[in-house]
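Asker: Prediction below, plus the sequence it came from.
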Amino acid sequence: MRFVGVLCGGAALAAGLAMAGCGDAKLEPNAGAPPPLKVERVEDRNLFPVERPEQFPLVAAVEHVTIAELRATGTVNPDIARSVPVISIATGRVVEIKARLGDTVTKGQLLLRVQSADIAVAFSDYQKAVADEKLAGTQLERAQLLYAKGAISLNDLQIAQDTDAKAKVDVKTTAEKLRVLGNPDLDKPTGIVEIRAPISGVITDQQVTNAAGVAGLGSPNPFTISDLSYVWIVCDVYENDLANVHLGEKAEVRLNAYPDKVFTGVISNIGPVLDPNIRTSKVRIEVRNPGLMRPGMFVVATFHGDKKEVRAAVPASAILHLHDRDWVYVPAENSKFRRIEVQGGRMLPGNKQEILSGITVGQQVVLNALEFQSTVQQ
């Protein structure tokens, strides 16, 4: 009987639960919902509280009037007008190379020797022309003697004179062909052509090696020599800044390799065609090369406009250089200082530096940013 009672009690409990599920009882509105989102406040890393703010002296940014400047990046390029290709009219095979890419050469210096059948044929034609001229000269002398004695007609004398004149022309023509092919010495027959430097400069391109073939004017030039006494600085200037660039104006050039040296050049060309992808135009600056500029070097060019601008200037000690950026510290509320990123400009007299953006004239900054940074990090 006890076992039956337990079963009856369990059945009654199950029936009660079923009736409760089918009844009018209401569930909680947020039952099964995710927990509410908790937002944690992140500390401002550019805000620094200090106990004694008076220990850090402040200085106000002063006004600095300057002419508008535009900076653009570019590269050093050879002056095309001063780059001369070294050509070989004669075809043949290279037997000796006397210069290499990057060498400095002088005008007339031997660069390479080419073994050519063209020069051998030209020498043969020249020697034949010399022999024909000698024979024509002898025949003319005989004809003049015979005509003086009445042994030949005037027509025969004129034919001899014409033959002699044509023989002289053939000698000059074949001799000039030898000079053009590269062998000016008419007394030394040879099959070797010597290629010499047409100007003094630096070999900036080489397209020939030992035992290589030279196909004359139809082949790539063996060498290109560039006079690097003057070079081109080619910069990309955005179309919005082209109004600040004018032909004939001077520009300052700084090499990435020598940032402390400033070179001055003249704007000689502003590209008439705009790059549709990056919206820039090529601006060319001609600069005298003191010997430091090499083709391919990266540079920063500064163009000076006509309009004056007012900018802020602070002591150089107020600017902190951190992670390739410039920062200053300005006072904030509740004994705190805020770190603000600025864009530093040129150094000014009195150990000051101009600020291109970030703060305004009259705004106070910490005088010694490095000392402040060291103190707050302790």
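Answerer: Arrived safely, thanks for sending. The shown structure was predicted, so the numbers you read here are calculated from the model rather than taken from an experiment. Residues are numbered from 1 along each chain as shown.
Asker: So what are the structural domains in this structure, by residue number?
Answerer: If you go by automatic domain parsing, the domain ranges for the chain are 67-78+228-376, 85-107+197-226, 117-190.
Asker: Of these, give the one that comes closest to residue 51.
Answerer: domain 67-78+228-376 (7.2 Å; C-beta to C-beta). Glycine gets a C-beta too; all of them are placed from N, C-alpha and C.
Asker: which residues of the stretch 201-350 of the chain fall in strands?
Answerer: 201-206, 213-215, 223-226, 230-238, 250-255, 263-270, 280-288, 298-315, 320-322, 325-332, 336-348 (DSSP state E, counting those that start in this stretch).
Asker: Apart from its neighbours in sequence, what residue is nearest residue 233?
Answerer: Spatial nearest neighbour of residue 233, chain neighbours left out: residue 285 (4.1 Å); criterion: C-beta to C-beta, 6 or more residues apart in numbering.
Asker: shaky segments in this structure?
Answerer: 1-43, 216, 218, 306, 378 (pLDDT under 70).
Asker: Just want the most central residue of it.
Answerer: For the chain, the residue whose C-alpha lies nearest the mean C-alpha position (C-alpha atoms, centre = their mean) is residue 75; its distance is 2.5 Å.
Asker: Spell out the residue ranges of the helices in the stretch 51-200 of the chain.
Answerer: Ranges of helices within the stretch 51-200 of the chain are 117-148, 154-181, based on DSSP state H, counting those that start in this stretch.
Asker: nearest to residue 86, of those helices?
Answerer: The nearest among the helices of the stretch 51-200 of the chain, by C-beta to C-beta, is helix 154-181 at 14.5 Å.
Asker: mind checking how far that closest one is from the chain centre?
Answerer: 55 Å (C-alpha atoms, centre = their mean, to the nearest Å).
Asker: Stretch 178-198: which residues count as buried?
Answerer: Residues 178, 181-183, 191-195, 197-198 are the ones in stretch 178-198 that count as buried (16 or more other C-beta atoms under 10 Å).
Asker: what comes into contact with that stretch?
Answerer: The contact list for stretch 178-198, computed with C-beta atoms under 8 Å, 6 or more residues apart in numbering, reads 84, 86, 88-90, 92, 95, 99, 105-120, 122-123, 126-127, 175, 222, 225.
Asker: please redo it, this time with the cut-off set to 6 Å
Answerer: 84, 88-90, 105, 107-116, 118-120, 122-123, 126, 175, 225 (C-beta atoms under 6 Å, 6 or more residues apart in numbering).
Asker: what distance separates the start and the end of that stretch?
Answerer: 17 Å (C-alpha to C-alpha, to the nearest Å).
Asker: Repeat that for stretch 324-337.
Answerer: First-to-last residue span, stretch 324-337, C-alpha to C-alpha: 21 Å.
Asker: got the buried residues for it?
Answerer: 326-332, 337.
Asker: quick one: which of the residues you listed is nearest to residue 159?
Answerer: residue 326 (93.4 Å).
Asker: Quick check: the closest one vs residue 128, distance?
Answerer: Residue 326 sits 80 Å away from residue 128, taking C-beta to C-beta, to the nearest Å as the criterion.
Asker: returning to what we had before: quick check: PyMOL command selecting the buried ones in the contacts of stretch 178-198.
Answerer: Filtering those down to the buried ones (16+ other C-beta under 10 Å) takes a single PyMOL command:
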select buried, resi 84+88+89+90+105+111+112+113+114+115+116+118+119+120+122+123+126+175+225
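Asker: which one of the buried residues of stretch 324-337 is nearest residue 357?
Answerer: Closest to residue 357, out of all of the buried residues of stretch 324-337 and judged by C-beta to C-beta, is residue 326, at 10.1 Å.
Asker: partners of the closest one in the sheet?
Answerer: residue 321, residue 342 (DSSP bridges).
Asker: My understanding was that it contacts residue 345; is that so?
Answerer: No: counting by C-beta atoms under 6 Å, residue 326 sits too far from residue 345 to count as a contact (9.6 Å).
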